[in-house]
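> Starting from these lines, generate the structure:
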Amino acid sequence: MNQDAIAAWIGRKCRLREGDNIASQREFTLLEVIEEGTRNVIFRAADNYGESVIEFPRNHLGFHICMPPNRLFPEFQGDKRYDERLLSRVTALQSSDVVSTVFPLEGLWNALAVRRLRVSDVAEQSNDDEDYSELSACDLVNGKLIAWAACNIGRGDDEMVVIYENEKPIHTDSAAHLARDAQAALGDVDAAVSPLRETPLLLWIAAGTSGFGLPKGAVALAAAALQKFRQPDLAIKQAHLAIRYAGRHADWDERLALLDFMNRLVAEMPGKAAGTEDIF
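Residues are numbered from 1 along each chain as shown. The predicted structure is shown next:
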């Protein structure tokens, strides 16, 4: 991980979520990084009541763009320059590999890819195939299978590989078995792979469910990009499904903000576009 990404968070005051809301009465200062784990970055923090430990997912969008999320870090709220930087940096990452690895959407791609393996523990899955059928054969899910198909390279055949849906382990197998099953899963699909990586909405969904307030200019940028798509309605429908999943990791205000984002986006699109009534 880029050390500048972490340095941007140190010394700043952070308001933690408690339940479904941001608890503004608890304002911690991030003092230092205790550990850069494989799943989380762990900070030592302190407030008026003493010291604590705060964790953020290692694949949090804020680390990719070197910007702490402004809803959790109050010093950035109302800063127009912050919104301009956020627009610029998120736009620069559109269609990049970050789309497949960013929290919380990587959990969805992993979960849908595991569903396509011939041997998987359905009891460990939190998603129903029918709920996300429009996404199960997309390029982001296929990308996970392609990576797993080569997971035995450089590993011992018996080395165990654990696949996570964000914090939850959902599949464990030897490298040799996982590579074999992933190769088989890739060969089982007859339909064309649905392109999703290019959709300009996914990183904004990740931002909106990771403590970022969505800047006003994001709607216009996303709408302009979508109008170049051959099937913009399909892209919006797929985004609805991504929001349904990512909304599990959001608080109530973030869900409302995403609904408003999608409603304003649809209003800017020519003709009829899919509505947002059933996202959550």
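> in this protein, which spans are helices?
3-7, 61-65, 80-93, 98-101, 105-115, 139-149, 175-188, 202-208, 217-226, 232-246, 252-268 (DSSP state H).
> Ok, which of those helices comes nearest residue 160?
helix 175-188 (7.6 Å; CB to CB). (C-beta placed from N, C-alpha, C; glycine too.)
> elements contacting the closest one?
Helices and strands touching helix 175-188, by 3 or more CB pairs under 8 Å, 6 or more residues apart in numbering; DSSP states H and E, are helix 139-149, strand 160-165.
> Could I get these in JSON lines, plus columns for distance to residue 179?
Supplementary listing: these in JSON lines, determined by distance: least, CB to CB, whole Å:
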{"stretch": "helix 139-149", "distance to residue 179": "5"}
{"stretch": "strand 160-165", "distance to residue 179": "9"}
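> can you tell me which of these comes nearest to residue 112?
Taking CB to CB as the criterion, residue 112 comes closest to helix 139-149 out of these, the separation being 4.7 Å.
> list the buried ones in that closest one?
Burial within helix 139-149, assessed by neighbour count using 16 or more other CB atoms under 10 Å, is assigned to 139-145, 148-149.
> I'd like those as JSON lines, with pLDDT appended.
Below are the buried residues of helix 139-149 laid out as JSON lines (pLDDT from 0 to 100):
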{"residue": "139", "pLDDT": "94"}
{"residue": "140", "pLDDT": "95"}
{"residue": "141", "pLDDT": "95"}
{"residue": "142", "pLDDT": "94"}
{"residue": "143", "pLDDT": "95"}
{"residue": "144", "pLDDT": "96"}
{"residue": "145", "pLDDT": "96"}
{"residue": "148", "pLDDT": "96"}
{"residue": "149", "pLDDT": "95"}
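> Closest one to residue 102 out of these, please.
So of the buried residues of helix 139-149, ranked by how close each gets to residue 102 (CB to CB), first place is residue 140, at 10.7 Å.
> since we're on residue 197, how many residues are nearby?
When neighbours are counted by other CB atoms under 10 Å, residue 197 registers 15.
> Likewise for the one 5 residues further on?
When neighbours are defined as other CB under 10 Å, residue 202 has 25 of them.
> I'd like to know how far it sits from residue 60.
Taking CB to CB, to the nearest Å as the measure, residue 202 falls 15 Å from residue 60.
> Of the buried residues of helix 139-149, which is the nearest to residue 218?
Once CB to CB is applied, the member of the buried residues of helix 139-149 that ends up nearest residue 218 is residue 140, at 20.6 Å.
> For that closest one, which residues are in contact?
99-100, 109, 196-197 (CB atoms under 8 Å, 6 or more residues apart in numbering).
> any idea how far it lies from residue 249?
Per CB to CB, residue 140 is found 17 Å from residue 249.
> and if you look at residue 147?
In terms of CB to CB, residue 147 sits 23 Å off from residue 249.
> Hmm, residue 182 and residue 152 touching each other?
No. The pair residue 152 and residue 182 fails to qualify as a contact (CB atoms under 8 Å) at a distance of 9.9 Å.
> Near residue 162, how many residues? Count them for me, please.
By other CB under 10 Å, the burial measure for residue 162, its neighbour count, is 11.
> which residues does it contact?
For residue 162, the residues meeting the contact criterion (CB under 8 Å, 6+ apart) are 169, 171-172.
> Buried members of those into ChimeraX, please.
Selection of buried members from the contacts of residue 162 for ChimeraX, criterion 16+ other CB under 10 Å:
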select :171
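> Nice, that's everything, thank you.
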